[in-house]
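>>> let's see this in three dimensions:
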Amino acid sequence: MERFNSNESWKRIIYTKNLHNSPKPNYLCIDKKLNIMKKNLLLLFSVLFSLNLLAQWTDDSLTNSVICNAAGDKGVPKISLLSDNGCYISWYGGASNYDINLQRLDFAGNILWQENGIVVSNHPQETWVTDFDMKTDNNDNAVIVFNDIRNGNWDVFVYKISPGGEQLFGENGQAAGDSPVADMTPRVCVTSDNSVIIAWMREGVENISMIMQKFDSQGNKLWEVSGRELSMAGASVKWPYLQPTDDGGFILGYFVETGPFWAPDKLMYAMRYDYDGNAVWDNPVELCGATGITAWEDYKAIPDGNNGMIAFWQDDIDNNTLFNASVQHVLADGTLAFPANGVELATTSSFNHYYDYATGLTSGGEIMVFWAQADGNQNYNGLMGQKISPEGVRLWGDEGLELIPMNSTFRFIQATAFKNDTSFLVYEDSENYLVKAINTDGDEVWTEDTPLSLSPSSKMAPAGTSMAADQVVIAWIDEQNSEKNVKAQNFLINGKLGQVETGIKPINKANKPFKLSGTLLLVNYTGLLQLNIYDGMGRLCEQFLTQGNTEINLQNLANQLYIIVAMNEKGETLQTLKTVTGK
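Take a look at the predicted model:
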């Protein structure tokens, strides 16, 4: 085997270049007569960028991808992206226990691990479960936090799973705290230095406190054994929200509650912390200090892209038994962009305004927010939108913009995404999931809403990714005939499902020039053969030139999906193979 050097004359060689460790690919010709091959290679690479060789994502909204159909109950799916724009999907489920399960998919929707995923933890759970959380760290590992009763009461644990399915924090994970009372409902974020911050609620004698813990990337606990406590005399501190900042710190959002749990006085706060967990702002920032936020309202916020956050909620601040929807913007220095208690999205007092979602901050600094509008009895619901200026002005009028008139079938926003100043809204209508795209002028981007799932089933607990490489993936629990499955579906920025056809078709060859045996690529081709190996995004990872019988070991590749393309000296595609291989 001889390595090619650009200063030498053309030679007949086998060439290997690992482009995972190189900032840009190096293309190779062996002989002048292969110039046509080089031109076709460039064309092939550009087309493969939106790859669809045996793509898994379907364009049929009646037959969405099944992530798990194993026996037993299932619930609370979570989803997070990898750097290759594939994703992890996790969920509770099992035949006799609410195990934590995990599956990995590539960008094209191919399932990369075993059928129905791997079991992350089968430690015992209660007969009912709390919420859990999952994020992807800076090395593409899945970080999952949850509570179980392996020690007799609810305790919080963190697990880290590699892209190959390995348990990096040990088979039993790491305990986040050490308490004889119940710890529950954890949230997690990954900091800019790849540390893990966890926040959760801890049950006290009279009230609930907030606990925080930090782990380094190797799973070492960095703060007090039982965690750092945030508590207030005579009040409960509940429902954490975590958001990393670019200096290695994070923002913690939380509610402070007093009064009975079914009808609390509920105030909304945020605090920014540095790398060591020290408060950055002088005092916690009060986002909403007026009562009226509902008992079941979770903390909802999104990053503003500049170390601040945009929070949104529903309340009955005017005590008229009709919900209001509001938004507040906290800047990086802890100042509020809007007046105290935020900006109401609409001021019409005869309707409910609830289940609101901020989708993103536009290039002009406006906040896009959407919500459901309902009559007083909540029998009829519709979809509304609002654009809030950087100063807190309602730019689409005091009533907001009507996107779907109130009717008896619309059932709220289920997930959102935002890209290129366009908001993508997944909503439910008559047990179907559909997607609507709205630009900053309030206009429909697509000619009609895209059906995401039209299967005759009950759908619940959806979770979605942000838009990456012009694609969003939604996962949910799908129940039909009393059986629950985990399903998923993608949609593209153009409103289509599935993958874009590339038009690449191998020429008709009875004898395939190569086959794969484990990690060995076995080549049997008398002429010059170029082998290009792409990842699921169509990025060139490896490139080989061979002649005659050759064995190439792919053991240095990371274990994931690859597409192997064989081309002859004319640049014709002889064979394509889509496979999961590597160490």
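
>>> which helix or strand contains Gln328?
Per DSSP states H and E, Gln328 falls inside strand 324-330.

>>> run through the stretch 51-200 of the chain and note the low-pLDDT ranges.
Across the stretch 51-200 of the chain, the ranges flagged by pLDDT under 70 are 51-55.

>>> the strands in it, which residues?
For the stretch 51-200 of the chain, the strands defined by DSSP state E, counting those that start in this stretch cover 65-68, 73-81, 87-94, 99-105, 118-121, 133-136, 142-148, 155-161, 174-175, 183-190, 196-203.

>>> any chance of these in a markdown table, plus distance to Pro284 and mean neighbour count?
(Glycine included, C-beta is placed from N, CA and C.) Output for the strands of the stretch 51-200 of the chain, formatted as a markdown table (distance: least, Cβ to Cβ, whole Å; neighbours: other Cβ atoms under 10 Å):
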| stretch | distance to Pro284 | mean neighbour count |
| --- | --- | --- |
| strand 65-68 | 39 | 20 |
| strand 73-81 | 28 | 21 |
| strand 87-94 | 31 | 25 |
| strand 99-105 | 32 | 25 |
| strand 118-121 | 34 | 19 |
| strand 133-136 | 22 | 22 |
| strand 142-148 | 23 | 26 |
| strand 155-161 | 23 | 25 |
| strand 174-175 | 28 | 19 |
| strand 183-190 | 17 | 23 |
| strand 196-203 | 14 | 24 |
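
>>> so which of those comes closest to Thr440?
Proximity to Thr440, assessed across the strands of the stretch 51-200 of the chain by Cβ to Cβ, is greatest for strand 73-81 (24.4 Å).

>>> where in the stretch 401-550 of the chain is pLDDT low?
500-510, 536-537.

>>> make it 80
500-511, 536-539 (pLDDT under 80).

>>> please identify which helix or strand holds Leu561.
strand 560-567.

>>> tell me what that strand is packed against?
Strand 560-567 is packed against helix 35-48, strand 514-517, strand 528-535, strand 573-581, with contacts defined by 3 or more Cβ pairs under 8 Å, 6 or more residues apart in numbering; DSSP states H and E.

>>> so in that sheet, which strands flank the last one, and in what orientation?
Read that as strand 573-581. Using DSSP bridges, strand 573-581 pairs in its sheet with strand 560-567 (antiparallel).

>>> same question, the second one
Partner strands for strand 514-517, per DSSP bridges, with pairing direction: strand 520-523 (antiparallel).

>>> and the contacts of the partner strand?
513-516, 529, 531, 544, 546, 548-554, 564 (Cβ atoms under 8 Å, 6 or more residues apart in numbering).

>>> any idea which of those residues is closest to Thr409?
Ile564 (47.4 Å).

>>> I figured the closest one was touching Ile533, is that so?
Yes. Here Ile564 reaches Ile533: they are 5.3 Å apart, a contact under Cβ atoms under 8 Å.

>>> now the helices for the stretch 251-400 of the chain?
With DSSP state H, counting those that start in this stretch, there are no helices along the stretch 251-400 of the chain.

>>> pLDDT weak spots in it?
In the stretch 251-400 of the chain, residues with pLDDT under 80: 290-291.

>>> please enumerate the strands of it.
With DSSP E, counting those that start in this stretch, the ranges of strands along the stretch 251-400 of the chain come out as 265-273, 285-288, 300-303, 309-315, 324-330, 343-344, 352-361, 367-374, 381-388.

>>> mind putting these in a markdown table, distance to Leu62 and mean neighbour count included?
As requested, the strands of the stretch 251-400 of the chain are exported to a markdown table (distance: least, Cβ to Cβ, whole Å; neighbours: other Cβ under 10 Å):
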| stretch | distance to Leu62 | mean neighbour count |
| --- | --- | --- |
| strand 265-273 | 42 | 21 |
| strand 285-288 | 43 | 22 |
| strand 300-303 | 32 | 19 |
| strand 309-315 | 34 | 24 |
| strand 324-330 | 34 | 26 |
| strand 343-344 | 40 | 20 |
| strand 352-361 | 27 | 23 |
| strand 367-374 | 26 | 26 |
| strand 381-388 | 24 | 24 |
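
>>> Phe424: which of the ones you listed is closest?
Nearest to Phe424 among those is strand 352-361 (7.6 Å), distances taken as Cβ to Cβ.

>>> related to what we said a few turns ago, quick one: which of the contacts of strand 520-523 is nearest Asn319?
Nearest to Asn319 among those: Ile564, at 65.8 Å, using Cβ to Cβ.

>>> dump the residue contacts of the nearest residue to the closest one once chain neighbours are set aside.
Counting by Cβ to Cβ, 6 or more residues apart in numbering, Leu577 is the residue found nearest to Ile564 once chain neighbours are left out, at 4.5 Å. Residues near Leu577 by Cβ under 8 Å, 6+ apart: Phe514, Leu516, Ile563, Ile564.

>>> which two of the residues you listed have the greatest separation?
Greatest spacing in the contacts of Leu577, by Cβ to Cβ: Phe514 and Ile563 (13.0 Å).

>>> Val393: neighbour count?
Per other Cβ atoms under 10 Å, the neighbour tally for Val393 reads 11.

>>> could you do Lys578 as well?
Neighbour count for Lys578, taken as other Cβ under 10 Å: 18.

>>> give me the beta-bridge partners of it?
Ile563.
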